[in-house]
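Peer 1: Got a predicted structure plus its sequence, pasted below:
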Amino acid sequence: MIDVSLEQAKGDRDRVEAVGRAVALGARKMGADLTTMRLSEGECSG
């Protein structure tokens, strides 16, 4: 869902930043602080 939102926002800096804020807010509401995590692209294993 985040990937799709960012793809749709491509080229629109304000929209990309809005997506980032929404993602960070959602993560905080789930108890995760994205500022302390190292994120990378790739497949999840499990």
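Peer 2: Arrived safely, thanks for sending. Computed from a predicted structure; not experimentally measured.

Peer 1: in the protein, which spans are strands?
Peer 2: Counting by DSSP state E, one finds no strands in the chain.

Peer 1: mind listing the helices for it?
Peer 2: Under the criterion DSSP state H, helices of the chain are mapped to 2-9, 13-29.

Peer 1: Go through those helices and name the closest to residue 40.
Peer 2: helix 2-9 (13.6 Å; Cβ to Cβ). For glycine as for every other residue, the C-beta is placed from the backbone atoms N, C-alpha and C.

Peer 1: which other residues reach that closest one?
Peer 2: 15-16, 18-19, 22-23 (Cβ atoms under 8 Å, 6 or more residues apart in numbering).

Peer 1: Could you rerun that using 6 Å?
Peer 2: The contact list for helix 2-9, computed with Cβ atoms under 6 Å, 6 or more residues apart in numbering, reads 15-16, 19, 23.

Peer 1: For those residues, could you give me JSON lines that also reports neighbour count?
Peer 2: As requested, these are exported to JSON lines (neighbours: other Cβ atoms under 10 Å):
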{"residue": "15", "neighbour count": "14"}
{"residue": "16", "neighbour count": "15"}
{"residue": "19", "neighbour count": "17"}
{"residue": "23", "neighbour count": "15"}
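
Peer 1: For the residues you listed, give me JSON lines that also has pLDDT and distance to residue 36.
Peer 2: Formatted as JSON lines, those follow (pLDDT from 0 to 100; distance: Cβ to Cβ, whole Å):
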{"residue": "15", "pLDDT": "95", "distance to residue 36": "26"}
{"residue": "16", "pLDDT": "93", "distance to residue 36": "22"}
{"residue": "19", "pLDDT": "94", "distance to residue 36": "20"}
{"residue": "23", "pLDDT": "92", "distance to residue 36": "15"}
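
Peer 1: Nothing else from me, thank you.
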